[in-house]
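Peer 1: Sequence and predicted structure are below.
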Amino acid sequence: MDLMYLLMILALSVFLGFVMISRVPPLLHTPLMSEANAISGITLVGALIAAGSDVDSGFSIFLGTAAVALATYNVVGGYLITEKMLKMFKKKV
Amino acid sequence: MDVTLIINFTYIISCILFAFGLKMLGSPVTARKGNFLSMVGMLLAVVVTLFSKGILSYQWILLGIFLGASAGIFTAYRAAMTQMPETIALLHGFGGLASLLVDWSAYHNHPTTDPIITVSIFLSILIGGVTFTGSCIAWGKLSERIPGKSIKFPGMQFLNIGILIALLIGGVLFISNPLGSYPVFLTILILSFVFGVFLVIPIGGADMPVVISVLNSYSGLVACTTGFVIHNTVLIVVGALVGANGIILSIIMCKAMNRSLTNVLFGGFAAEVKKKGSAEKKEAKSISLEDAYLILEAAKSVVVVPGYGLAVAQAQHAVRELSEFLEKNGCEVRFAIHPVAGRMPGHMNVLLAEANISYDQLIEMEEINPMLDTVDVAIVIGANDVVNPAAEHDKTSPIYGMPIIEVYKAKTVFVLKRSMAPGFAGVENELFYNENTLMVFGDAKQSLQGLVAEFKSALV
């Protein structure tokens, strides 16, 4: 049942994604992509748990910490770059 | 109240914020607000996770966040607009690798026989590995650290098929016996890395918009499968959103080249390029900057068609200067943007926005085409295949069927180009030999600056 529940969430999210995004004009394709990239850094949530769980294995902590660093890089870099690009889209007054 | 309940409730709010953030990116007016909402969603999700029961110590988390955040700020601060394609490619890669490491750590700590988790781990490692090395290669090609051309060697197809079969066998072994299969797991990991390299290395520079979109989609998919591994719904939702986003962009890019995704990723133009026995050697007419200026000076409407060459020559500021002089002269200036111009989706828009060109002057291909026959001068800067009329009528041409910006309809066409060399597809561009086409040879930036100088000297 658990699987069915997760698959249901997946199906609805895919649908939501297509509905929300399919109308984005070509003008903003690059910021859209870097925004999507930034939120894919949500894997940070999983990385936090991996790095914070008190296990004995040093290797496991290393994996978790590296995942936290990479995901944070993805999130912070992604959002800031998106912001940097969006700031430039101006309309003449 | 139960902590888990609060966490899950916050995740729902985050998901809503992410979805709205993406939605608001649909218009330049709301886009920045959308980005901000999305950031709030991310912050909420991260902060609330820190309170989860599974987290017992914080020192490694803090170290990771400190390293990642400072590197992220540094990258974003340093990256110039001309470097956006490779920067985004690199970020995709690191996102994919982060997810992969989460799965690895999950497998390392709690190997389980649960088939759902095992299958998800296999898929995560496969997609995450391909995303990581594939993005690294894309980054190398886009930043010209490795040659941007298609790199192939004999037997490559067989090698790829071999790797794929090995991966499938590894997958079956791993899924049937996850507890005792650490070596198999590591083999899958390494093969996925190798596979990512081989998937991207044969793809040429002009197909990069598709590759980046596909990698974007993969970086979402791997977050999604990771969600299945660690039973985290926010990862599944966000992964699906990003996956859908990448797929939509890939489809748009492929349509704009009239090619299928399979053809772009596995075919390439190599097999199709053939010698065209054009017996009649036509002569292209060239024009001096002084004469080009005189034509522009009399023009009432001008359309600029930028291509990757504009980015290479870093001519975006020069073209803005020229457009300002033209407007002062009472001329209407618009920019016609082909969906696949440049090296990533929307590349030209970002570049021209950086040069302070108002975004309502940036016109999409479908919108500009019906208006082109009323245009006095079309200036093609560093674009080639996207303006080649052969795509419309020459069935033997490899780019036949690709939608183009129909500049040949304009009264006069200027083509700013270094030489007569063909474009990426290796196709001769018959536009250059048209009666109304005039070639302006030389570096695009210098030519544009020359035209600006003509306007300036006319003013004083």
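Peer 2: On my side now, so go ahead.

Peer 1: quick one: least confident helix or strand in chain A?
Peer 2: helix A:2-21 (a mean of 89; mean pLDDT, DSSP states H and E).

Peer 1: next helix or strand past it?
Peer 2: helix A:29-39 (DSSP states H and E).

Peer 1: returning to that earlier point: quick one: contacts of the least confident helix or strand of chain A?
Peer 2: Residues outside helix A:2-21 that contact it (CB atoms under 8 Å, 6 or more residues apart in numbering or on different chains): A:32, B:15, B:19, B:22-23, B:26, B:116, B:224, B:227-228, B:231, B:233, B:236-245, B:248. All C-beta spots, glycine's among them, are computed from the backbone N, C-alpha and C.

Peer 1: Flag the shaky bits of chain A, pLDDT-wise.
Peer 2: Low-confidence segments of chain A, defined by pLDDT under 70: A:1, A:93.

Peer 1: Name the single longest helix found in it.
Peer 2: Secondary structure assigned by DSSP state H gives helix A:58-86 as the longest helix of chain A.

Peer 1: on that earlier part again, selecting buried members of the contacts of helix A:2-21 in PyMOL, what would you type?
Peer 2: Buried residues within these, by 16 or more other CB atoms under 10 Å in any protein chain shown, are selected in PyMOL with:
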select buried, (chain A and resi 32) or (chain B and resi 15+19+22+23+26+224+227+228+233+236+237+238+239+240+241+242+243+244+245+248)
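
Peer 1: Inside strands: which ones of the contacts of helix A:2-21?
Peer 2: For those, not one is inside strands, with DSSP state E as the criterion.

Peer 1: Output the least confident helix or strand of chain A as CSV - backbone C-alpha positions only.
Peer 2: The C-alpha trace of helix A:2-21 is given here as CSV (Å, rounded to 0.1, in the frame of the first residue of the first chain):
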residue,chain,number,x,y,z
ASP,A,2,2.9,2.3,0.8
LEU,A,3,4.2,2.0,-2.7
MET,A,4,0.8,2.8,-4.1
TYR,A,5,0.6,5.9,-2.0
LEU,A,6,4.0,7.1,-3.1
LEU,A,7,3.2,6.3,-6.7
MET,A,8,0.0,8.3,-6.4
ILE,A,9,2.0,11.3,-5.2
LEU,A,10,4.4,10.9,-8.1
ALA,A,11,1.7,10.7,-10.7
LEU,A,12,-0.1,13.8,-9.4
SER,A,13,3.2,15.7,-9.1
VAL,A,14,4.2,14.9,-12.7
PHE,A,15,0.8,16.1,-13.8
LEU,A,16,1.2,19.3,-11.7
GLY,A,17,4.6,19.9,-13.2
PHE,A,18,3.3,19.7,-16.8
VAL,A,19,0.4,22.0,-16.0
MET,A,20,2.5,24.6,-14.2
ILE,A,21,5.4,24.7,-16.6
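
Peer 1: Okay, buried residues for it please.
Peer 2: So helix A:2-21, judged by 16+ other CB under 10 Å, has buried residues A:6, A:9-10, A:13-14, A:16-17, A:20-21.

Peer 1: Tell me how far whatever residue of the stretch 301-450 of chain B ends up closest to chain A lies from A:F18.
Peer 2: In the stretch 301-450 of chain B, the residue found nearest to chain A is B:G346; the distance is 3.1 Å by CB to the nearest CB. Distance of B:G346 to A:F18, computed by CB to CB, to the nearest Å: 19 Å.

Peer 1: give me the beta-bridge partners of the nearest residue to B:K285 once chain neighbours are set aside?
Peer 2: Spatially, and ignoring its direct neighbours in sequence, B:K285 is nearest to B:L438 (5.6 Å; CB to CB, 6 or more residues apart in numbering or on different chains). Counting by DSSP bridges, B:L438 is bridged to B:F414.

Peer 1: List the contacts of B:L438.
Peer 2: B:L438 neighbours (CB under 8 Å, 6+ apart): B:285-287, B:292, B:295, B:412-415.

Peer 1: How is the residue lying closest to B:G134 once chain neighbours are set aside assigned, secondary-structure-wise?
Peer 2: Distances taken as CB to CB, 6+ apart place B:G196 nearest to B:G134, at 3.9 Å, with adjacent residues excluded. Per DSSP: H, G, I helix; E, B strand; the rest coil, the secondary structure class of B:G196 is helix.

Peer 1: again with B:V380
Peer 2: Under three-state DSSP, B:V380 comes out as strand.

Peer 1: Any idea how many residues pack against it?
Peer 2: Using other CB atoms under 10 Å in any protein chain shown, the number of residues around B:V380 comes to 31.

Peer 1: picking that back up, quick check: buried residues in the longest helix of chain A?
Peer 2: Buried, per 16+ other CB under 10 Å, within helix A:58-86: A:60-61, A:63-86.

Peer 1: State the pLDDT value of B:G26.
Peer 2: B:G26 is assigned 88 on the pLDDT scale.

Peer 1: In contact with the nearest residue to it once chain neighbours are set aside, which residues are there?
Peer 2: Leaving aside its sequence neighbours, B:G26 sits nearest to A:V24 (CB to CB, 6+ apart; 4.7 Å). By CB under 8 Å, 6+ apart, A:V24 lies in contact with A:32, B:25-26.

Peer 1: Please report how far B:S176 lies from A:I9.
Peer 2: In terms of CB to CB, B:S176 sits 28 Å off from A:I9.

Peer 1: could you say what helices and strands the longest helix of chain A packs with?
Peer 2: For helix A:58-86, the elements it packs on are helix A:29-39, helix A:43-52, helix B:31-49, helix B:59-78, helix B:84-109, judged by 3 or more CB pairs under 8 Å, 6 or more residues apart in numbering or on different chains; DSSP states H and E.

Peer 1: what residues are up against B:I399?
Peer 2: Applying CB under 8 Å, 6+ apart to B:I399 gives the contacts B:257-258, B:385, B:388, B:390-391, B:425, B:427.

Peer 1: At which residues are the strands of the stretch 201-350 of chain B located?
Peer 2: Taking DSSP state E, counting those that start in this stretch as the test, the strands found in the stretch 201-350 of chain B are B:301-306, B:332-337.

Peer 1: Take these and lay them out in a markdown table including mean pLDDT.
Peer 2: Converted to a markdown table, the strands of the stretch 201-350 of chain B look like this (pLDDT from 0 to 100):
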| stretch | mean pLDDT |
| --- | --- |
| strand B:301-306 | 94 |
| strand B:332-337 | 94 |
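
Peer 1: B:I146 is nearest to which of the ones you listed?
Peer 2: For the strands of the stretch 201-350 of chain B, the distance to B:I146 is smallest for strand B:301-306, at 25.4 Å, taking CB to CB.

Peer 1: what packs against that closest one?
Peer 2: helix B:316-328, strand B:332-337, helix B:347-354, strand B:377-381.

Peer 1: residue contacts, the most centrally placed residue in chain B?
Peer 2: By CA atoms, centre = their mean, the mean C-alpha position of chain B lies nearest to B:M344, the distance being 2.5 Å. Counting by CB under 8 Å, 6+ apart, B:M344 touches A:29-30, A:33, B:84-85, B:88, B:208-209, B:212.

Peer 1: wait, doesn't B:Q316 sit right on B:A355?
Peer 2: Yes: assessed by CB atoms under 8 Å, B:Q316 is found in contact with B:A355 at 3.9 Å.

Peer 1: From the structure, what's the count of residues near B:K456?
Peer 2: Other residues close to B:K456 by other CB under 10 Å number 11.

Peer 1: now what about stretch B:15-29, what contacts it?
Peer 2: A:13, A:16-17, A:20-21, A:23-25, A:27-28, A:31-32, A:35-36, A:39, A:42, A:86, A:89, A:91, B:30-31, B:33-38, B:40-42, B:44, B:234, B:237-238, B:241, B:245, B:359.

Peer 1: I figured B:T233 hits B:N8, correct?
Peer 2: Yes: between B:T233 and B:N8 there is a contact at 7.3 Å, judged by CB under 8 Å.
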